[in-house]
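S.K.: have a look at this prediction, sequence included:
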Amino acid sequence: MPPETSDALIIPIREQQDVLTARQKARTIASGLGLGIADQTRLATAISELTRNAILYAGGGECQLWDQSDDNTFRIRVEVRDQGPGIDDIALAMRDGYSTSGGLGAGLSGAKRLMDDFEIETSSAGTRVIVTLERSRQESFYI
Amino acid sequence: MNALEQAATDRFTTLLETKRSVILDTWVDQFLADWEGTRHGNLPPEEIRAQSQLFLDQLHRLLQNNFSHSWQPQSADPIVQLLTQLSETWAKKGLAAAQSTFYILSFKRILLARYLELESDPAAFSAAVAVLDLVLDRLSLVVVERFEMTRERLIKQQSLSLLELSTPVVKIWDHMILLPLVGVIDTARARKITENLLNSIAEIEAMVTIVDITGVPVLDTAVAGHLMKTINAAQMLGTHVILTGMSPEGAQTLVKLGVSLGDITTRGSLKAGISEGLAALGKVIIDGHRRAG
Amino acid sequence: MRIPILRLGDILLTSIQVDLIDEDILQFQHDVLTMIKNRDAQGVVIDITSMEVVDSFMARVINDTANMARLLGAEVVVCGIQPSVALTLVEMGRGLIGVTSTFNLEQGLREIERRLAARLLRPVTDGDSNAT
């Protein structure tokens, strides 16, 4: 299902401070849905990784947040896109410990492990990463 | 659609207009009669009647509007939405799967019987059967599918609550916690266990955490991986982790697989683990029965 | 945003109270190391109770700082890691590898004291300074 752009929360990512804004907004959405502190932290951390990459490799970009929850599932979808040079070798970039920027190289693979769904599209026109956090409404009572 | 099928479709459309109330009555009565003595007490007959009425309306609309062979139930179709909702409710109320299928199949029988009153030509009749098969069989699949999905989800939810119960974190001394692991540990469960454990450790500032794996039947690479993550996270908070209850088979497997438990303190029995933990807290166990001298 | 570093005898105390951007934490790393060197500090306690998010970069800098401080001869303890932060780090396949942690500042200080006491060559009193 393609998300409606109209109800997305869009956070421009230009400088470091925007990384903090993006993850705080995501936290607010997650806690508003009643998700536990662990899930709030997973989401905020994944966003931190992805938006930092956008600044580091593309000089900035955009972070979009959607609450796509339905009757059975809490679902928060995050899209981080940039217009940077793209990733040459995705398989290599996704590999644990790989990094061209001096980070731990855990950025992409870490975000993937924290989230329930991970998609990446990259070309010389830019990179788009979409991650989703999904929790059954029933399950969330226990977290 | 060939001419015969088109004619049959039109005839059904007409039937749904002219015989609407008698079809509805027969259908609902048969359905409720079939449920007699089962648990349909939870479902008010008026509700079933109202929903069935809606179903007739939707079916009428479906057949009227360029109905063809290529029709497939889509989740956006009002008739599909109606049935999925119905099926979900029934599944939650604990009705048998057969009963939900019977709902559609009994309707098919009733409609065909009405059709026969109007038209008894064999060729026309078989075309009519073909049309009904096309619509109602596919719809009954929708019902069954949703019914199963709902049931599976219920079972999953129940096992989740069981899982929660089966991983208690026990405070066995001031600043000492015991996590007795029992059963198969998969990713979902490991996540839950870790979350629980970390919160308990932080809450009482447990200096010692004993993880007892006596009740874990299989220790393979995956389980060892989960275990290591749990232990590493616990250590990060500042607790001293003691692993107890490893079986000889478990030890053999881990070494053969090349899994290293790093610098985790390991003790064979829970008893040894507890005395180790008490020692770390500066407590000593004294045998009260031993006489001096 | 500069993180204050306090001195308690030869131990440095520091507490990260706000959400940090990358430059802040790199500045912090620089400040801690410089202070260890200039003041001949023997121990550092880093309190991260208020950090709600520690991503791979932050984790790396904290790790590195601890290892660098150790190279300069100081003992390092990190205290107050939130359960959800520890969980997230291990789920990402990361950790604060080789860093000692405690629940709170008080325990952190005690742990440093314990380690310093265990250093056999630690000069408790300076015999020469009395002579001059």
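M.R.: All right, it came through fine.

S.K.: show me which residues of chain C sit near chain A.
M.R.: Remark: the part of chain C in contact with chain A comprises C:19, C:21-23, C:52-57, C:59-60, C:82-85, C:87-88, C:91-94, using CB under 8 Å from any CB of the partner chain. All C-beta spots, glycine's among them, are computed from the backbone N, C-alpha and C.

S.K.: any idea which element residue B:210 lies in?
M.R.: strand B:208-215 (DSSP states H and E).

S.K.: circling back to that earlier point, just the buried ones from the residues of chain C next to chain A?
M.R.: Buried members of the residues of chain C next to chain A, counted by 16 or more other CB atoms under 10 Å in any protein chain shown: C:19, C:21-22, C:52-57, C:59-60, C:82-85, C:87-88, C:91-92, C:94.

S.K.: and the residue of chain C nearest chain B?
M.R.: residue C:83 (3.6 Å; CB to the nearest CB).

S.K.: surely that residue and residue B:236 touch.
M.R.: No. In this structure, residue C:83 is not within contact of residue B:236 by CB atoms under 8 Å, at 9.3 Å.

S.K.: quick one on the thing from earlier: the very next helix or strand once past the strand holding residue B:210 to strand B:208-215, inter-axis angle?
M.R.: Downstream of strand B:208-215, the next assigned helix or strand under DSSP H and E is helix B:221-237. On the basis of axes from the mean of the first three to the mean of the last three CA atoms, to 10 degrees, helix B:221-237 is oriented at 170 degrees to strand B:208-215.

S.K.: could you point out which element follows the longest helix seen in chain A?
M.R.: Ranked by number of residues, the top helix in chain A under DSSP state H is helix A:37-58. Remark: after helix A:37-58, the chain's next helix or strand is strand A:61-67, criterion DSSP H and E.

S.K.: now check that following strand, is it near chain C?
M.R.: No. If you take CB under 8 Å from any CB as the test, strand A:61-67 misses chain C, and the best it gets is 14.3 Å.

S.K.: taking the buried ones among the residues of chain C next to chain A one by one, which sit in helices?
M.R.: C:22, C:56, C:57, C:59, C:60, C:83, C:84, C:85, C:87, C:88, C:91.

S.K.: widest-spaced pair of these?
M.R.: C:22 and C:83 (24.5 Å; CB to CB).

S.K.: hey, where'd the strands end up in chain C?
M.R.: C:5-8, C:11-15, C:43-47, C:75-79, C:100-102 (DSSP state E).

S.K.: which residues touch whichever residue of chain B sits closest to chain C?
M.R.: Chain B approaches chain C most closely through residue B:198 (3.6 Å), counting by CB to the nearest CB. Residue B:198 makes contact with B:233, B:234, B:237, C:83, C:84, C:86, C:87, according to CB atoms under 8 Å, 6 or more residues apart in numbering or on different chains.

S.K.: nearest to residue C:106 among these?
M.R.: residue B:237 (15.2 Å).

S.K.: contact partners for residue C:45?
M.R.: C:11, C:12, C:13, C:14, C:76, C:77, C:78, C:79, C:105, C:108, C:109, C:112.

S.K.: for chain A, what's the nearest residue on chain B?
M.R.: Closest point on chain B to chain A, by CB to the nearest CB, is residue B:157, at 4.4 Å.

S.K.: my read is that that residue contacts residue A:136, right?
M.R.: Yes. Counting by CB under 8 Å, residue A:136 is a contact partner of residue B:157 at 7.2 Å.

S.K.: bridged to residue A:80, which residues?
M.R.: Assessed by DSSP bridges, residue A:80 has beta-bridge partners residue A:63, residue A:129.

S.K.: burial of it, as a residue count?
M.R.: 28 (other CB atoms under 10 Å in any protein chain shown).

S.K.: need the contact list for it.
M.R.: With contact taken as CB under 8 Å, 6+ apart, residue A:80 is in contact with A:13, A:47, A:50, A:51, A:53, A:54, A:61, A:62, A:63, A:64, A:128, A:129.

S.K.: for residue A:47, which non-adjacent residue is spatially closest?
M.R.: Spatial nearest neighbour of residue A:47, chain neighbours left out: residue A:23 (4.6 Å); criterion: CB to CB, 6 or more residues apart in numbering or on different chains.

S.K.: tell me which element the one you found falls in.
M.R.: Counting by DSSP H and E, residue A:23 is found in helix A:16-32.

S.K.: buried set for that helix?
M.R.: In helix A:16-32, counting by 16+ other CB under 10 Å, buried: A:18, A:19, A:20, A:21, A:22, A:23, A:25, A:26, A:27, A:29, A:30.

S.K.: that helix - what's its average pLDDT?
M.R.: The pLDDT scores in helix A:16-32 average 94.

S.K.: angle of it against strand A:61-67?
M.R.: Angle between the axes of helix A:16-32 and strand A:61-67 is 10 degrees (criterion: the same axes, to 10 degrees).

S.K.: which strands and helices sit next to helix A:16-32?
M.R.: strand A:9-13, helix A:37-58, strand A:61-67, strand A:73-82 (3 or more CB pairs under 8 Å, 6 or more residues apart in numbering or on different chains; DSSP states H and E).

S.K.: pull the residues that contact it.
M.R.: Contacts for helix A:16-32 (CB under 8 Å, 6+ apart): A:9, A:11-13, A:39-40, A:43-45, A:47-48, A:51-52, A:55, A:60, A:63, A:65, A:67, A:76, A:78, A:133, C:19, C:21-23, C:52-53.

S.K.: now do the same end-to-end measure for stretch A:84-92.
M.R.: The first residue of stretch A:84-92 is 18 Å away from its last residue (CA to CA, to the nearest Å).
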